[in-house]
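S.K.: got a predicted structure plus its sequence, pasted below:
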Amino acid sequence: MDYGIQPPGYRLPDETHIGRVTLQVSDLARSAAYYQTVIGLRVIEHSGASVRLGAHGDDTPILELRERTGARAVPRRGLLGLYHFAILLPDRASLGRFLLHLGELGLPAGMSDHLVSEAIYLQDPDNLGIEVYADRPREAWQHSDRQLAMASEALDTRDLAAAAGSESWKGVPAGTRIGHVHLHVGDIAQAEAFYHCAVGFDKVVWSYPGALFLSAGGYHHHLGINTWARGAPSAGEDDARLIEWEIVVPAASDVTAAAASMTAGGYVAERAGASAVARDPWGTQLRFRDRGSGTGG
């Protein structure tokens, strides 16, 4: 790879990707309706106070909602923890259809052209951040001095809408997955020590103001971290929040290696069956699992 900075020790396999994201919400029925009607996911499993959702034509859950009645909505400034989770659509045409769908619903959204991708941003009923995006072809990505070129520029909505063609939005299509997770952290250096040096992600963008982007296998980012909510408290048990996100690696031996790397870095990595669970310095939980175990990718 001709861009990025590899970690000093353990490095995640190139085939690593993000699995299921689990959120705590205040009203399960309301949030499940939102993620179906607005985002376009479908319910795969409903069990008590939790719902698992995924794409149409795919039985793999990518999002789990767990209810904590009365959980506090995320304040405008944010909390340390989730900034947004990002749903990666399989093609630009699908993103164009999603854009037109939001227009039909009359819902406002944030929009950005990140050079490597085009993105639409929303907040769910608990003010948890969501990105829905599509990647540009990897061969179109630019880099300089080992750093991938990413930016936040105005999205050409007319051109994106034209990419939708004559087909209407029918919900999140098969092939959709969680592309990345973006977190509010208290300190970039501390977060780099954990996610780059111990977890094993490559750094790919490090000059973005107040942020760092990391990935495996040359992707533009599986993880974003920023200090834009510095001074805010970490999301707690009574807050709407990110409960957990998954890092999916190819084999069980990769789970063991990642856990050993985190332990060597001075962090606690607990084995939970075939997976390994750890928390970053601000309490955000991540779970390592291999492709053959569990669900979510």
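M.R.: All right, it came through fine.

S.K.: any weak-confidence spans in the stretch 151-297 of the chain?
M.R.: Applying pLDDT under 70 to the stretch 151-297 of the chain flags the ranges 294-297.

S.K.: all strands of it, in order?
M.R.: Ranges of strands within the stretch 151-297 of the chain are 177-184, 202-205, 211-215, 223-226, 241-249, 269-272, 275-279, 285-290, based on DSSP state E, counting those that start in this stretch.

S.K.: let's have those in JSON lines, adding distance to residue 195.
M.R.: To be clear about C-beta, it is placed using only N, CA and C from the backbone, and glycine gets the same treatment. Formatted as JSON lines, the strands of the stretch 151-297 of the chain follow (distance: least, Cβ to Cβ, whole Å):
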{"stretch": "strand 177-184", "distance to residue 195": "9"}
{"stretch": "strand 202-205", "distance to residue 195": "9"}
{"stretch": "strand 211-215", "distance to residue 195": "6"}
{"stretch": "strand 223-226", "distance to residue 195": "6"}
{"stretch": "strand 241-249", "distance to residue 195": "10"}
{"stretch": "strand 269-272", "distance to residue 195": "13"}
{"stretch": "strand 275-279", "distance to residue 195": "10"}
{"stretch": "strand 285-290", "distance to residue 195": "9"}
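
S.K.: and of those strands, who's closest to residue 13?
M.R.: Counting by Cβ to Cβ, residue 13 lies closest to strand 241-249 out of those; the figure is 5.7 Å.

S.K.: name the nearest residue to residue 241, sequence neighbours excluded.
M.R.: Once flanking residues are discounted, residue 241 sits nearest to residue 235: 3.6 Å by Cβ to Cβ, 6 or more residues apart in numbering.

S.K.: neighbours around that neighbour, how many?
M.R.: Per other Cβ atoms under 10 Å, the neighbour tally for residue 235 reads 25.

S.K.: look up how far residue 67 lies from it.
M.R.: As judged by Cβ to Cβ, to the nearest Å, residue 235 and residue 67 stand 16 Å apart.

S.K.: the residue nearest to residue 241 reaches residue 78, doesn't it?
M.R.: No. Contact criterion Cβ atoms under 8 Å: residue 235 and residue 78 do not qualify, at 9.2 Å.

S.K.: hmm, back to that, so which of the strands of the stretch 151-297 of the chain comes closest to residue 49?
M.R.: The closest of those to residue 49 is strand 241-249. By Cβ to Cβ, the value is 12.4 Å.

S.K.: my read is that residue 184 contacts residue 83, right?
M.R.: Yes. Judged on Cβ under 8 Å, residue 184 makes contact with residue 83 at a distance of 5.0 Å.

S.K.: which of the two has more neighbours?
M.R.: Taking neighbours as other Cβ under 10 Å, residue 184 and residue 83 compare with residue 184 leading, 27 against 24.

S.K.: partners of that one in the sheet?
M.R.: Per DSSP bridges, the residues bridged to residue 184 are residue 81, residue 226.

S.K.: check residue 144 too.
M.R.: Going by DSSP bridges, residue 144 is paired in beta bridges with residue 147.

S.K.: can you give me the neighbour number for it?
M.R.: When neighbours are defined as other Cβ under 10 Å, residue 144 has 8 of them.

S.K.: pLDDT value on it, please?
M.R.: What the model reports as pLDDT for residue 144 is 96.

S.K.: for residue 238, list the residues it contacts.
M.R.: Taking Cβ atoms under 8 Å, 6 or more residues apart in numbering, we find residue 238 in contact with 68, 70-72.

S.K.: for PyMOL, what selects the buried ones among those residues?
M.R.: Applying 16 or more other Cβ atoms under 10 Å to the contacts of residue 238, the buried members can be selected in PyMOL as follows:
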select buried, resi 68+71+72
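
S.K.: please report the distance of the residue nearest to residue 241 from residue 68.
M.R.: 12 Å.

S.K.: swap in residue 281?
M.R.: Distance, residue 281 to residue 68, by Cβ to Cβ: 23 Å.
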